[in-house]
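K.L.:
Attaching a predicted model along with its sequence, questions to come.
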Amino acid sequence: MTLRVPPDLELLKASSKTANMVIDENRLQQLLPDVASFFQLLDALHTDGLAETPPSNTFQARWMER
């Protein structure tokens, strides 16, 4: 379960201002349910249990000559 704050009109206004997007308040009202659904989808993708980290010798981030 996530502790995400549900989006509201003030959050959308602040987000659009941060992104330098001028969006009418009427349009923000229309977007509010879609933003809430988007966040729910992100939460559904979130997994609680992560697998163990593989040992560092299983991944080598350098080119190797063969």
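P.N.:
Thanks, I have it. Being a predicted model, the structure only gives us computed values, none of them experimental. Residues are numbered from 1 along each chain as shown.

K.L.:
For the rest of this, base every contact and every neighbour count on C-alpha atoms.
P.N.:
Will do.

K.L.:
buried sites along the worst-scoring helix or strand of the chain on mean pLDDT?
P.N.:
Within the chain, judged by mean pLDDT, DSSP states H and E, the helix or strand with the poorest mean is helix 25-45; its value is a mean of 89. For helix 25-45, burial by neighbour count (16 or more other Cα atoms under 10 Å) applies to 28, 32, 35.

K.L.:
these two touch, right, the first one and residue 14?
P.N.:
What that stands for is residue 28. No - with contacts counted by Cα atoms under 8 Å, residue 28 stays clear of residue 14, the gap being 10.9 Å.

K.L.:
So which elements touch the least confident helix or strand of the chain?
P.N.:
helix 9-18 (3 or more Cα pairs under 8 Å, 6 or more residues apart in numbering; DSSP states H and E).

K.L.:
okay, the helix it packs on in CSV with CA atoms only?
P.N.:
C-alpha atoms of helix 9-18 as CSV (Å, rounded to 0.1, in the frame of the first residue of the first chain):
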residue,chain,number,x,y,z
LEU,A,9,-7.0,20.8,-8.1
GLU,A,10,-4.2,22.7,-6.2
LEU,A,11,-1.7,19.9,-6.9
LEU,A,12,-2.6,20.0,-10.6
LYS,A,13,-2.3,23.8,-10.6
ALA,A,14,1.2,23.6,-9.0
SER,A,15,2.3,20.8,-11.4
SER,A,16,1.2,22.8,-14.5
LYS,A,17,2.9,25.9,-13.2
THR,A,18,6.1,23.9,-12.5
